[in-house]
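Enquirer: Any chance you could fold what I've pasted below:
(chains A and B)
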Protein chains: 2
Amino acid sequence: MEKLEALRRLFPGQVDLSESERLRHGKDEGYPEEGEVLAVVYPESVADVQKALRFAREEGLAVIPFGAGTSLEGHLYPVQEAISLDFSRMNRLLEVRPEDFLCVVEPGLTRKALNEALKGTGLFFPVDPGADATLGGMAATNASGTTTVRYGGMRANVLALQVVLANGEVLELGRGVRKTSAGYDLKDLFIGSEGTLGIITRLTLRLHPLPEHIHTLRVFFPRVEEAAEASYKVMASGLPVARLELLDELALRALNRYLQAGFPERPALFLEFHSSTREALEAESALALEIMREAGALKVEAAKTEEERRRQWEARHQAYWALVHLFPGHRFVITDVAVPLSRLPEMVRYAQGLLEEMGLTGNILGHVGDGNFHTLVPILPQDYPKAEAYAEALVRKALELGGTCTAEHGVGLRKKKYLPLEHGAALELMRKLKDLLDPEGLLNPGKVLDTPPSSRYS
Amino acid sequence: MEKLEALRRLFPGQVDLSESERLRHGKDEGYPEEGEVLAVVYPESVADVQKALRFAREEGLAVIPFGAGTSLEGHLYPVQEAISLDFSRMNRLLEVRPEDFLCVVEPGLTRKALNEALKGTGLFFPVDPGADATLGGMAATNASGTTTVRYGGMRANVLALQVVLANGEVLELGRGVRKTSAGYDLKDLFIGSEGTLGIITRLTLRLHPLPEHIHTLRVFFPRVEEAAEASYKVMASGLPVARLELLDELALRALNRYLQAGFPERPALFLEFHSSTREALEAESALALEIMREAGALKVEAAKTEEERRRQWEARHQAYWALVHLFPGHRFVITDVAVPLSRLPEMVRYAQGLLEEMGLTGNILGHVGDGNFHTLVPILPQDYPKAEAYAEALVRKALELGGTCTAEHGVGLRKKKYLPLEHGAALELMRKLKDLLDPEGLLNPGKVLDTPPSSRYS
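Expert: Numbers count the residues shown, from 1 in each chain, chains lettered A, B, ... in the order given. From the prediction side, this is the model:
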């Protein structure tokens, strides 16, 4: 294609047209269809991003930003002719200011690489989705993780963004301060916009002091219901939990096989407390244990070493891959509802009952301290409609309980159908914002919102 | 005026045309000019708000929402013919769901009335600007307060909003959950928009468990510099402080007179720790004290009773009125910069030096745990330009250090001039959002952004 030759000339050494790369950049970890972008461009600067956008505008191509490819909702699948902007060459840690509890990064830096680079500063960046995602991608989907119950998700931990708009303009949104009320909150409009309103080219992130004292527990229950109930009671006590994760029996069975771990195969809560003094830590952990024992806990294990602690959370983060390993040849439908805190036990019961009723195997795990959990449903191709019906029923129930269809994975292609029910008339305003910021529908079209019939790129 | 008669017929028993009320609704607590609205309407429902907006559209009048009248930046001053929507009749607590840590309120409810009504639930709403503001007004200006260092400001504590747009449409923004990534973050766009994008008619608020154990301290220092430095060191230690406020000598002198309090008249930090266990609390307070003694603390007082604790924070909240009392016949220019945490001591030193250099008396106090402080400069009319020059120099210095011109008071009329410097090209996007949501410039015109020449209402 002639235009791809022009692209190669425009970005010498920064374009990959190989089929394998075009395929790799057209899919994420969750979407069932295989997509293929026309070309992969590796920007090395903001100017490169502007240049790529200009090229795309002129050639009538869509642009899809690519981080680590670990999103789950079809965020990377091209619904029309598109080039992928792969940020792996814009992965520098530009500045660390420990004294201000902040750092400035390029969007292609991953969360693990950032925390590795922060070693020795006494600070860390808390948001930890399962995957080693890029910070740009995490901001684009408003990601969160196991520590969000204490430290907040991306929205709370991104202080400022640099974005490039569809028209090539570069904007600086937000400031590196803990509070500001200086006009409209544009920064949060771009966080969670999934590459559809602008392209993130720099992030100022809030860092937190590494806790001096950490206590990490695994608490096992007879049934998932009791574990969910106990998690609610711990939250209701006002204890400053830093992590509060539910894992069901299946998750632990999968992890035992995948990691040769020796976890009891019982529904469990994985908890952690962070504190600046040992006395505070001990008092808080003791109270939490008392609450959980009253709620029916069978067994408690505490991580005795930093290594054991690290392994426990690594196991939690590996749960998805452990499941994948346990069900070779299967695809996964993954749900991501959140509900108001007190409805979590009911929601978990509903999910379990529905899986059983529909004859589906499903693994329930998640961030119960935030009222959020996932179901991972391994399926063979013929069962996809059934699994989707399960996912849809779960969303409808969550919305009925005042919840949300997606707590942290975002909308992508897969959850668009739920937005009318969740947002009502406000969805039309989202559409107007998209039209305002990207009138030609150039930026990651079809994600979050349907591509309008008027789009040049549809 | 004929149209005002029509308004009265439209809202029987809900319109006040008296001069005193028209004047009271045309000014806030900080803006030097006296304004006067054409009429005050007291909506009692969302339908009333829609009806008032329709009337205003038809008659070519602007609409200014009014909470408690405690804003500071000219938010209520009518720059053109306007009606005031006073929300004092929409002040109901609609729902409390302690089990979900949330409540639903009408915008006219004040923060103190809410916390009074929450007594017995074990929960509280933390955001506490000095004034007993309405929750609608607090959301509109993205207010914060003494507990923001621990619990966040309005943005972190408003889960969902109902707003009426200029065209009368009612939107529901956000959900009553701790996390959501379901599309664009419209809720945060309206928080801090100062009534210029839509009118808030209902809020879902996040509540927090009342701390079981509280420790409240007053720590006195030889100079403001040492107090600012100590506050930074406490923050840098990662201690979970719940409040961390700086008061200078002048503030304490004013408070001693106004409240017949017996505070030592020395620069002070007022601190508080909240904890779910006594042991945690004691360990944290002890560590904080050690840090502050090393940083030069002269004297420490602890609140021994709940009554003493209450009086201490009441005093902090009364500091503004105590100053007003100490300088009869004066007006006040109030600054509201925030800077990255480590620059706070430098910023405070700069402010002090500048006051001295310019021959101004000024009181420095504020939320130093968030890098935010205020200067209250009492002035006689002829000194207004000088005080404004001081405020402007302070903003320029704060922006130079990466800070913001307003951390929590908002923009209103007074801080518009600083936005180009703070936001650059992003300001143009704010203007476009305003045009999209309020194409005729009906909603609180002239606030945050200049009224465009095209506005029907300018």
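
Enquirer: Quick check: residues of the stretch 201-350 of chain A near chain B?
Expert: The stretch 201-350 of chain A comes close to chain B at residues A:208-212, A:236-240, A:275-284, A:286-287, A:338-343, as judged by CB under 8 Å from any CB of the partner chain. Bear in mind the C-beta positions are built from the backbone N, C-alpha and C, glycine included.

Enquirer: Just the element for A:R218, please.
Expert: Here A:R218 sits within strand A:213-220, counting by DSSP states H and E.

Enquirer: swap that for A:V63, sorry
Expert: Applying DSSP H and E, one finds A:V63 within strand A:62-66.

Enquirer: packing partners for the helix or strand just after that strand?
Expert: Downstream of strand A:62-66, the first helix or strand assigned by DSSP H and E is strand A:82-86. Strand A:82-86 is packed against strand A:39-41, helix A:46-59, strand A:62-66, with contacts defined by 3 or more CB pairs under 8 Å, 6 or more residues apart in numbering or on different chains; DSSP states H and E.

Enquirer: Quick one: closest of these to chain B.
Expert: The closest of the helices and strands packed on strand A:82-86 to chain B is helix A:46-59. By CB to the nearest CB, the value is 13.1 Å.

Enquirer: and that closest one, what other elements does it pack with?
Expert: Using 3+ CB pairs under 8 Å, 6+ apart as the test, helix A:46-59 ends up in contact with helix A:2-10, strand A:62-66, strand A:82-86, strand A:158-164, strand A:199-206.

Enquirer: B:Q352 is nearest to which of those?
Expert: strand A:158-164 (27.0 Å; CB to CB).

Enquirer: Please check the residues of the stretch 201-350 of chain A next to chain B and keep the buried ones.
Expert: Buried members of those, scored by 16 or more other CB atoms under 10 Å in any protein chain shown, are A:208-209, A:211-212, A:236-240, A:275-277, A:279-284, A:287, A:338-343.

Enquirer: about what we covered before: show me the contact partners of the strand holding A:V63.
Expert: A:25, A:37, A:40, A:52-53, A:56, A:76, A:78, A:80-87, A:107, A:136-137, A:140, A:195, A:199-200, A:441-445, A:457 (CB atoms under 8 Å, 6 or more residues apart in numbering or on different chains).

Enquirer: buried subset of these?
Expert: The buried subset of the contacts of strand A:62-66 - by 16+ other CB under 10 Å - is A:25, A:37, A:40, A:52-53, A:56, A:76, A:78, A:81-87, A:107, A:136-137, A:140, A:195, A:199-200, A:441-445, A:457.

Enquirer: Give me the most central residue, chain A.
Expert: A:A143 (3.4 Å; CA atoms, centre = their mean).

Enquirer: From A:D188, how far out is it?
Expert: Separation of A:A143 from A:D188 (CB to CB, to the nearest Å): 14 Å.

Enquirer: what does the stretch 51-200 of chain A have sitting close to chain B?
Expert: Neighbours of chain B within the stretch 51-200 of chain A, by CB under 8 Å from any CB: A:97, A:99-102, A:141-144, A:148-149, A:152-153, A:155-156, A:169-173, A:175-186, A:188-189, A:191-193, A:197.

Enquirer: From those, which land in helices?
Expert: Those of those mapping onto helices are A:148-149, A:155-156, A:186, A:188-189, per DSSP state H.

Enquirer: Show me which pair in those residues is furthest apart.
Expert: With CB to CB as the measure, no two of these lie farther apart than A:V149 and A:L186, at 27.2 Å.

Enquirer: quick one: which of these two has more around it?
Expert: Neighbours per residue (other CB atoms under 10 Å in any protein chain shown) separate A:V149 from A:L186, with A:V149 holding more: 27 against 24.

Enquirer: Send me the longest helix seen in chain A as CSV with only the CA atoms.
Expert: Longest helix in chain A, counting residues (DSSP H): helix A:306-326. Output of helix A:306-326 as CSV, limited to C-alpha atoms (Å, rounded to 0.1, in the frame of the first residue of the first chain):
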residue,chain,number,x,y,z
GLU,A,306,9.0,-10.5,53.0
GLU,A,307,9.5,-13.3,50.5
GLU,A,308,6.4,-15.1,51.6
ARG,A,309,4.5,-11.9,51.4
ARG,A,310,5.8,-11.2,47.9
ARG,A,311,4.8,-14.7,46.8
GLN,A,312,1.3,-14.3,48.2
TRP,A,313,0.6,-11.2,46.1
GLU,A,314,2.3,-12.5,43.1
ALA,A,315,0.0,-15.5,43.4
ARG,A,316,-3.0,-13.2,43.5
HIS,A,317,-1.8,-11.4,40.4
GLN,A,318,-1.2,-14.7,38.7
ALA,A,319,-4.7,-16.0,39.3
TYR,A,320,-5.8,-15.3,35.8
TRP,A,321,-2.9,-17.1,34.2
ALA,A,322,-3.3,-20.0,36.6
LEU,A,323,-6.9,-20.4,35.4
VAL,A,324,-5.8,-20.1,31.8
HIS,A,325,-3.3,-22.9,32.5
LEU,A,326,-6.0,-25.0,34.3
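
Enquirer: Mind listing residues that contact the helix or strand following that helix?
Expert: Using DSSP H and E, the helix or strand that follows helix A:306-326 in sequence is strand A:331-334. The contact list for strand A:331-334, computed with CB under 8 Å, 6+ apart, reads A:30, A:32, A:72, A:320, A:323-324, A:374-381, A:384, A:387-388, A:390-391, A:409.

Enquirer: Just the ones in helices from the residues you listed, please.
Expert: Among the contacts of strand A:331-334, DSSP H puts A:320, A:323-324, A:384, A:387-388, A:390-391 in helices.

Enquirer: can you put those residues in a markdown table and add distance to A:E225, neighbour count and pLDDT?
Expert: Converted to a markdown table, those look like this (distance: CB to CB, whole Å; neighbours: other CB atoms under 10 Å in any protein chain shown; pLDDT from 0 to 100):
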| residue | distance to A:E225 | neighbour count | pLDDT |
| --- | --- | --- | --- |
| A:Y320 | 23 | 22 | 91 |
| A:L323 | 21 | 25 | 94 |
| A:V324 | 26 | 18 | 91 |
| A:Y384 | 28 | 14 | 90 |
| A:A387 | 23 | 24 | 95 |
| A:E388 | 26 | 15 | 94 |
| A:Y390 | 19 | 23 | 97 |
| A:A391 | 21 | 21 | 97 |
